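[1] got a predicted structure here, sequence first:
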Amino acid sequence: MGLSAVAPLWGPPGLLLAIALHPALSVPPRRDYCVLGAGPAGLQMAYFLQRAGRDYEVFERSPRPGSFFTRYPRHRKLISINKRYTGKANAEFNLRHDWNSLLSHDPRLLFRHYSRAYFPDARDMVRYLGDFADTLGLRIQYNTTIAHVTLDKDRRAWNGHYFILTDQKGQVHQCSVLLVATGLSVPNQVDFPGSENVEGYESVSIDPEDFIGQNVLILGRGNSAFETAENILGVTNFIHMLSRSRVRLSWATHYVGDLRAINNGLLDTYQLKSLDGLLESDLRDLAILKDSKGKFHVTLKFFLEEASTNQSADAITLPQDDNDNFAMRVPYDRVIRCLGWNFDFSIFNKSLRLNSGNAFGKKYPLIRASYESKGSRGLFILGTASHSVDYRKSAGGFIHGFRYTVRAVHRLLEHRHHSVAWPATELPITQLTSSILRRVNEASGLYQMFGVLADVILLKENAMAFEYLEEFPIQMLAQLETLTGRKARHGLFVINMEYGRNFSGPDKDVFFDDRSVGHTEDAWQSNFLHPVIYYYRYLPTEQEVRFRPAHWPLPRPTAIHHIVEDFLTDWTAPIGHILPLRRFLENCLDTDLRSFYAESCFLFALTRQKLPPFCQQGYLRMQGLMSTESLWQHRVETRLLRDDAPAGRDLADSSQQPGDQELLGASLAPGPLAQSLDSNKEEL
Amino acid sequence: MQLQLMMSSGFNVFRVGISFVIMCSFYMPTVDSLLELSPQKYFSTLQPGKASLAYFCQADSPRTSVFLEELNGAVRPLQDYGISVAKVNCVKEEISRYCGKEKDLMKAYLFKGNVLLREFPTDTLFDVNAIVAHVLFALLFNEVKYITNLEDLQNIENALKGKANIIFSYVRAIGIPEHRAVMEAAFVYGTTYQFVLTTEIALLESIGSEDVEYAHLYFFHCKLVLDLTQQCRRTLMEQPLTTLNIHLFIKTMKAPLLTEVAEDPQQVSTVHLQLGLPLVFIVSQQATYEADRRTAEWVAWRLLGKAGVLLLLRDSLEVNIPQHANVVFKRAEKGVPVEFLVLHDVDLIISHVEHSMHIEEIQEDEDDDMEGPDIDVQDDEVAETVFRDRKRKLPLELTVELTEETFNATVMASDSIVLFYAGWQAVSMAFLQSYIDVAVKLKGTSTMLLTRINCADWSDVCTKQNVTEFPIVKMYKKGENPVSYAGMLGTKDLLKFIQLNRISYPVNITSIQEAEEYLSGELYKDLISYSSVSVLGLFSPTMTTAKEDFSEAGNYLKGYVITGIYSEEDVLLLSNKYAASLPALLLARHTEGKIESIPLANTHAEDIVQIVTDALLEMFPEITVENLPSYFRLQKPLLILFSDGSINPQYKKAILTLVKQKYLDSLTPCWLNLKNTPVGKGILQAYFDPLPPLPLLVLVNLHSGGQVFAFPSDQAIIEENLVLWLKKLEAGLENHITILPAQEWKPPLPAYDFLSMMDAATSQHSTRKIPQCMKETDVQENDKEQHEDKSAVRKEPIETLRIKHWNRSNWFKEAEKSFRHDKEL
């Protein structure tokens, strides 16, 4: 049975207890960091720990990394895209379209070197993960199944306790920080009468020959259900698919965990009346009866309860007895369960208080937005199991998402235990627009983990400089200072990527007319993924983050800017993207962020007491931007356009009247560039 | 009582009108271009009692000059006042005493008949306004009293109580447009009113004016005052001082303060309406007539110059007005019906009038706003010029484009300059042009490989090279750490950096002979044009720390100034020759052929850098765009001589003498060649209005206060005059010609206020729900229409709510307002 491959390998509970008592006798090996599982998330964390020179160990029950992928997906086709060509050289940008690679400094360890397929084979993933671990020399104890995890209180420990790990041989490991990257390994089973008649996704045959001429009922409507259907679509009589709620198409929800178009062949045949079909009902109300011929009938649990226990299956009431057009009245040859997986809570002692969440079912352990368990400090959940943070929202449950959240966790740990502040670049304010543009145009973490990880710009005093922090978990914004070791005393910007508020959803028409926004003034109505910049004068409090307005990823800011969505996701248009962004930043900071040629700075330096930041930070430091002849020519041309207006003396006089600014601005009439350059001159 | 209220009789208005007509018709036929006459001919044309302005100039002087242009422009306006204007050419045969001896000492003279009234240096008549103002000022000497203190004003006031009204005005200076406006009004009204003029701010302040920087004009109602101890009432003209505004203002002052009417307010018209001012009718009844009249008078005084006030006698009125209305308001605009108001407070009447004017202003503002600067128009000069230049093809092939694959191999294989830039960043792209220019200039001559890497493509490479901002230039030399270029982002300085980096820093000099060649500039002949100073450190071989410090400094200065080191056994030969005690620096100034020595005892590297940097500064440099920052950071006031072309050697000598005599220690003296630095014209325009002839010597107090002082342009730039002027400056006896604005650099234009738009859309959404549903049922028969209708509803908020102005402090208030606005909709 395939089931045994994923089922726990450890012994009965009695043995466990004996092992737990054992560690007191000898001093177990101690590690600062223990990582459970050498899957993608575990390897990713191991990589960062290794690069930082930390004391760590990965425990993996299999002899090689990525054991999940040795069996799953059953039909061996990964649905994470392996886009090898984007037309761009920028490696960071290309990671936006590479859903399989882990992060590393080694360009050879990119998944595109491992597969040419757009939807690659799972075996390539296994090979890739093995290479990743070997090439980088990650410290992994293979063939080590951690059977039990418990807590040992100790004041000297980083978190006031050590995590005590016991493996299948009874060997004990003591860890200061426990990083759980075990994924979701327990198949989700729904208990209903007759569920013993159901085959599971994990063990069902994948040979289409076995399904020839059969009526098949599949329970579930996720990618594994559709993947299973896709495989046998051509040989069955028909496939019926039963699930609690309607199908969610990932291209409508913008959530990669929903049904991907590559698997949706059954939708096509259903809607084209080719006998296949989708039905919605709660599985827990159903019962499956096996008749004398070995065929399966769907009935209601209710009827089963009415009937006496000794009645033969054939005698139990079926829905069609009352309702002769009941959809599932035909008998099925097979019923297959494809209901996903759950986190394996069984190895964690109660003292860890690692509980399942309640909001989105019980499949995920309950964690904070910092990926730390709510129950015990120092226990972090990484990878697929950490998806409760952004379930059905972003990509945190998938390699292309959690590779970034793992990095964020590592950065938090570096600060917490090693006093290494969250990495930040300090730049002069003149680089503000550029640094934002650079990130929104190339950053893959922002793009993949939209709404979860966001860049943060911390302004320095007088807003003459700023620190740029990348990919901070925004739900932890209120705790930014303690988590990063950076100060946010003078205001901050948060750069997030967002879809339009009402754009995503299972019932949304994502192809409606006018779905794309082109005008900069309508940028806030952009639907497709686009950068949104929040400005806060003060760091929001925990209260403000928790009680933020509905559907807002962040509390209400002082000001907000949307960079209008772009078909090419290339936000570098001078007028369409850069200019409105600069105006927004200028108005937040109450300063002038334009760039000037040295000639203009020279003029300002001798005709005004104050200089714009660009001249202060460039020209006055002898790094002014000299114009070339042809550029100067253009400058003169733009100047000429407004030079036929009478000289500004009168304006200068009137502008000195307090409160007359409006009038002045108006009298300067519409005009290109130079107009307002001059306007500034006149105003002062 | 009633008589007193009439401030002037109707007759007066009439007379002025007539005098205008007469003037115009009389002088109409005359020419309006400048007459050119010989002195003899000119004097023969002078008519008794008639004023004439004549500019005497040498016959061989240029036919056009700024002054002549302005004078020509003044011909027509002066003719309107019966003043003829002529240019008198002083020819040799006819010597006139008005013909000056020297070309630049020519003056203009004002004659009345053949009596000389005034002479004007041409620089006082700097433009048409100044000419008209000065000439009228001279002619109306009696009509316009110029005063400087409060006492004078009080004396005049006392003298005229019960006799005549006064028009008192303050202008910032004689000859400016406001002064001209006052003089033109005085020409017309000078016999009716006593005009009083001052340029003293203190005087204006002492009569309680606010905003004293601007021109002010008051009407002193002295004629009504019978009791000498009483003060004359004053009315301030609120409009800017222009001839027309003064005329209108005086007209309203002359209009009766209060008029009684008994006709339909809709039909009533007074001079106010013609002047665009509204009318306020105070409704009166027989029973309350006296009280009403007192109220009306009170209101009339308050609204003087803003509205006409009338007493409407309801009892004798034929038309009906609403029972409770006690005030009728009639706007100046034609066709607008009168408003009947119930106002129980005088202040309410005033505020109603002022508010109605205010609304008009606001409406104007809003209109203007629509046409105002568009926030979608580029106002960044770099971005705009780069964009405009985007289609020009640059010879990019002259530089090697690096990639992730080629970067390391290239910079390892040869000495390279790398430009790190971002293709989407305007500043980068502007500098790329200069970089290519450098490549063009170095083509085939340099061993240095010029390369570039676009960080928009090769982000990782740039990050690995520690490049986080753009543009950055780095030099990679074999066996050395990469050096970031820190000079001006321009062709000239980068070229200098590259050329000077052909040698090592510091150069190790090994013989006395080589040292002499080094100091004379022979050794690096081809580099001298890039570094006018060569620095040589002299050390005895044992001074290891000092040598290390110097080497560090030399390395720091690499690419900016040539540095060398000499520490052979025979170093004393050199130190003796240049009278330097070891360790020492020798500074060879190649342009001046001078060698200085500076002792270096215990001087750290950064101090050496400072010494060298300071030594690079000249005593009296030509200031340029490139070198201003190095002088600017001295934080001293700049003494700038603006010169149209090369500097006059005499001026240079005078200033250098002052420098040597330590008169200029607290200043940075420099000169600016407008030919090399055309942007200097913009600077002069900011300092002077109008622009006097060059050269101009200006002291700019850039770092404290921003005052600009001008050396009198009629004085010769010689040492004595300069010293005197500087002393006066120091003693605070000189007036600044302008103060540089100290305003902060604020956002040039507002940004889109998306937050308000989002708020508004949310609130609109909720309030619109019901009507929207109704609409849908209405148009259900046509699906397509329905769809369009929906989209219209969806779009409308965007159009109406593009709130461009965002007031930061009133963030929430603004949001509230827009909510309210919505509800009204």
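    Yep, it's here. Numbering: from 1, shown residues only, chains lettered A, B, ... in the order given.

[2] next up, the contacts around the residue in chain A that chain B sits nearest to.
    Closest contact between chain A and chain B, by Cβ to the nearest Cβ, is at residue A:626 (2.7 Å). In short, each C-beta sits where N, CA and C put it, glycine included. The neighbourhood of residue A:626, defined by Cβ atoms under 8 Å, 6 or more residues apart in numbering or on different chains, consists of A:597, A:598, A:599, B:434, B:488, B:489, B:490, B:491, B:492, B:493, B:625, B:626.

[3] buried among those residues? Make that a ChimeraX selection.
    Selection of buried members from those for ChimeraX, criterion 16 or more other Cβ atoms under 10 Å in any protein chain shown:
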select /A:597,598,599 /B:434,488,489,490,491,492,493,625,626
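
[4] and the contacts of residue A:626, which is closest to residue B:175?
    Taking Cβ to Cβ as the measure, residue A:599 is the one of the contacts of residue A:626 closest to residue B:175, at 32.5 Å.

[5] okay, the closest one: pLDDT?
    We have a pLDDT of 91 for residue A:599.

[6] for my notes, confirm it occurs in a helix.
    Yes. The assignment for residue A:599 is a helix, going by DSSP: H, G, I helix; E, B strand; the rest coil.

[7] so it touches residue B:679, yeah?
    Yes. Using Cβ atoms under 8 Å as the test, residue A:599 is close enough to residue B:679 to be in contact (4.9 Å).

[8] what touches both of those two?
    Taking Cβ under 8 Å, 6+ apart as the criterion, residue A:599 and residue B:679 both touch residue B:625.

[9] residue B:537 versus the closest residue to residue B:541 other than its chain neighbours, what's the distance?
    Using Cβ to Cβ, 6 or more residues apart in numbering or on different chains and skipping the chain neighbours, the partner closest in space to residue B:541 is residue B:567 (5.2 Å). According to Cβ to Cβ, to the nearest Å, residue B:567 stands 8 Å off from residue B:537.

[10] between these two, who's got more neighbours?
    Using other Cβ atoms under 10 Å in any protein chain shown as the criterion, residue B:567 and residue B:537 rank with residue B:537 on top: 27 against 21.

[11] any idea which element residue A:544 lies in?
    Secondary-structure assignment from DSSP states H and E places residue A:544 in helix A:542-546.

[12] ok, back up a step: could you pull up phi and psi at the residue nearest to residue B:541?
    Dihedral angles of residue B:567 (phi, psi; degrees, to the nearest 10) stand at phi -150, psi 50.

[13] how far away is it from residue A:222?
    Applying Cβ to Cβ to residue B:567 and residue A:222 gives a distance of 80 Å.

[14] and residue B:402, by the same measure?
    47 Å.

[15] more neighbours, these two?
    For the pair residue B:402 and residue A:222, the greater number of neighbours falls to residue B:402 (23 against 20), based on other Cβ under 10 Å.

[16] from what I can see that one touches residue B:449, true?
    No. Residue B:402 lies out of contact with residue B:449 (Cβ under 8 Å); the separation is 10.0 Å.

[17] joint contacts of these two?
    residue B:410.

[18] residue ranges with poor pLDDT in chain B?
    In the prediction, chain B carries residues with pLDDT under 70 at positions B:1-32, B:59-64, B:92-95, B:100-105, B:357-373, B:764-825.
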